[in-house]
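Chemist: sequence first, predicted coordinates after that:
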Amino acid sequence: MTGRRDVDEELRTRLHEAAGAHEPDRARILARVERGMAGQDRSGHHRAARPPLLGWARVAGATAAVAGVLAVGGYAVASAVKDDAPRQRAVATSPTPTPSPEAATSRAPVSAVEDGPLWSDGSVDPHSNDFWAQSNITLKTGEPLTALTVELRVAQTGGVTSTGAWRSLPEEDFTFTVEERDGFLAYRWTLKQGRTVPAGEWMFAGQYDHDRGGRDAGGDRYSATATAGPGRLSVRGDFALS
């Protein structure tokens, strides 16, 4: 029994010594790791895997740097957009002026051949020739007229001289005048007070000589004002060859 106990003791002693010989030398291990990393940096080879803490620290640092760059870039872009956006400016506008009665009258159209019950037409008589012409004004009224003034204006195109005038209504019912005025030969018929023009169709004509050749009646005009009941009527127009 004594011999076996001695063998067991010797075995335990050797096992203990072997276990002590395999304890890691931390200082030596760290020194070898540092030398290995330094050697890999110089040789350009891949480094050994680093402890997780170091890797996450580098990732976190890179993420923070990228976030910082993006934040600065976003601010710069926002500033640029804000500066480049067009500024809205208030524009002062003036109200549209209301035309005066005088201006409205001066812009009145040349032709307004109908007004209520009164209708009109102007034409150059087809019997006109190279030396002489007649301008006709036709009036139609659906109601009796208690006042009426008709005016014919023949533009002075050369040699225009009155040779007479007539109307289809009674001569004694009207006052008639003819005169040169403002470059026109003006004929005027005015209904006498207390007389009436019945409803119907009526004609007023002015006759005149002119220079030889076809005369242009484009500058000739006529107008008529009348009263029917309580209303005042007005018509006007130009001339065409009948």
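Modeler: Thanks, I have the structure now.
Chemist: would it be right to say that E10 lies in a helix?
Modeler: Yes. E10: assigned to a helix according to DSSP: H, G, I helix; E, B strand; the rest coil.
Chemist: okay, now it: neighbour count?
Modeler: A total of 10 residues lie near E10 under the criterion other CB atoms under 10 Å. Where C-beta positions appear, they are placed from N, C-alpha and C, glycine not excepted.
Chemist: heads up, I number from 7, so please use that
Modeler: Understood, numbering begins at 7; the last thing we discussed is E16.
Chemist: wait, what's in contact with it?
Modeler: Listed by CB atoms under 8 Å, 6 or more residues apart in numbering, the contact set of E16 is empty.
Chemist: could you check the pLDDT of it?
Modeler: We have a pLDDT of 70 for E16.
Chemist: and for the one 3 residues further on?
Modeler: The predicted structure scores T19 at 71 on the pLDDT scale.
Chemist: what does D31 give?
Modeler: 55.
Chemist: and for stretch 208-215, what are the contacting residues?
Modeler: Applying CB under 8 Å, 6+ apart, the set of residues contacting stretch 208-215 from outside is 131, 137-147, 156, 158, 160, 165-175, 184, 191, 193, 195.
Chemist: may I have that stretch exported as PDB, CA atoms only?
Modeler: C-alpha atoms of stretch 208-215 as PDB (Å, rounded to 0.1, in the frame of the first residue of the first chain):
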ATOM      1  CA  TRP A 208     -89.700 108.200 -95.800                       C
ATOM      2  CA  MET A 209     -86.800 109.500 -97.900                       C
ATOM      3  CA  PHE A 210     -84.600 112.600 -97.700                       C
ATOM      4  CA  ALA A 211     -82.200 113.300-100.700                       C
ATOM      5  CA  GLY A 212     -79.400 115.800-101.400                       C
ATOM      6  CA  GLN A 213     -78.200 116.500-105.000                       C
ATOM      7  CA  TYR A 214     -74.900 117.900-106.000                       C
ATOM      8  CA  ASP A 215     -72.300 118.300-108.800                       C
END
